[in-house]
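Chemist: Predicted model follows, preceded by the sequence.
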Amino acid sequence: MKEDYPLFVKWSSILDWILDRCEKFPRSVRFTIATRVSNYALDIVEGIIETIYCKDKIRKLDKLNLDIEKLRILFRICYKRKYISNKQYMFISGELNEAGKMIGGWKKSLKSS
């Protein structure tokens, strides 16, 4: 059932990428920023599942948007501190933007129905 939702499928691949990157962060930040990034990424997948099954989808989608914005900021910090390369930063920025657009589209479809 969850695989019928494009956002779930998209986020699953983003989550794999994020978790792989976090494992490669310097040891000195694995229990700080890497943990924070991976926790937000996991919170988002949980939020998508909750949104699929709940009645108040708009509120849940707003929360997902907020969590994605937090991830954007954290990845900007990671890039500035050189935990990820420019290429990786460009990739994840695009993926987060795409996920945000998907959330916006889902919200729009709910409001119009």
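Modeler: Everything's here; your move.

Chemist: centre of the chain versus the lengthiest helix in the chain, how much separation?
Modeler: When the chain is parsed with DSSP state H, its longest helix is helix 86-112. Distance, stretch centre to chain centre, for helix 86-112: 9 Å (C-alpha atoms, centre = their mean, to the nearest Å).

Chemist: what's that helix packed up against?
Modeler: helix 6-23, helix 57-80 (3 or more C-beta pairs under 8 Å, 6 or more residues apart in numbering; DSSP states H and E). Where you see a C-beta, it was placed from the backbone N, CA and C, and this is true even at glycine.

Chemist: Dump those helices to a markdown table, plus mean neighbour count and distance to Ala99.
Modeler: Listed next are these as a markdown table, based on neighbours: other C-beta atoms under 10 Å; distance: least, C-beta to C-beta, whole Å:
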| stretch | mean neighbour count | distance to Ala99 |
| --- | --- | --- |
| helix 6-23 | 16 | 6 |
| helix 57-80 | 16 | 6 |
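
Chemist: Where does pLDDT dip in the chain?
Modeler: 1-2 (pLDDT under 70).

Chemist: Let's see that with 80 instead.
Modeler: Scanning the chain for pLDDT under 80 picks out 1-3, 113.

Chemist: gap between the residue of it most remote from its centre and Ile33?
Modeler: What lies farthest from the middle of the chain is Ser113; by C-alpha atoms, centre = their mean that is 26.1 Å. To Ile33, Ser113 is 40 Å away according to C-beta to C-beta, to the nearest Å.

Chemist: One more: Ile77?
Modeler: Distance, Ile77 to Ile33, by C-beta to C-beta: 7 Å.
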